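Asker: Compute the structure for the input listed below.
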Amino acid sequence: MEELSFSTLIAVFEEMFGRGLFWVLAAVAAVITALYAYVLVRDRAVSMRKFLMAQLAMPFGAVSAVAFMLQITNSRLSDLGGPVDWLVVLGIAAAGAVGFAILVYVVQSLARRPHEEG
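Answerer: Numbering: from 1, shown residues only. As a prediction, this is how the structure comes out:
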């Protein structure tokens, strides 16, 4: 592999997750992103109460993302070798935390309209 391209990344992720699971995950991420954009446009502001609750949920998303990665790759934390492995795990945890926070914010916003907040 002499150069890293988008199609190479897609092929690696399809191989790692399986074609079906990868595209389901990509579709779910796209739907959540679209719903987040919809909620922000609809509400015309970020609710600090919902934002705080979403931030409090971030550790659960980080742990879930790392656990999912370990399950998919049939690995254990003891299998991690050098600093690059740990940086990748930290990146996965960060992405899981942010993704879960967005999901929590969207669910709260869709469950409770802005005028229903106290």
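Asker: middle-most residue in the chain, spatially?
Answerer: For the chain, the residue sitting closest to the mean C-alpha position, by CA atoms, centre = their mean, is residue 99 at 3.1 Å.
Asker: The strand or helix carrying it packs against which elements?
Answerer: Residue 99 belongs to helix 83-111 when assigned by DSSP states H and E. Packing partners of helix 83-111 (3 or more CB pairs under 8 Å, 6 or more residues apart in numbering; DSSP states H and E): helix 19-43, helix 48-56, helix 58-72. C-beta coordinates here come from the backbone N, C-alpha and C atoms, glycine included.
Asker: Now do the lowest-mean-pLDDT helix or strand in the chain: distance to the chain's middle.
Answerer: Least confident helix or strand, the chain: helix 6-17 with a mean of 88, by mean pLDDT, DSSP states H and E. In terms of CA atoms, centre = their mean, to the nearest Å, the centre of helix 6-17 is set 17 Å apart from its chain centre.
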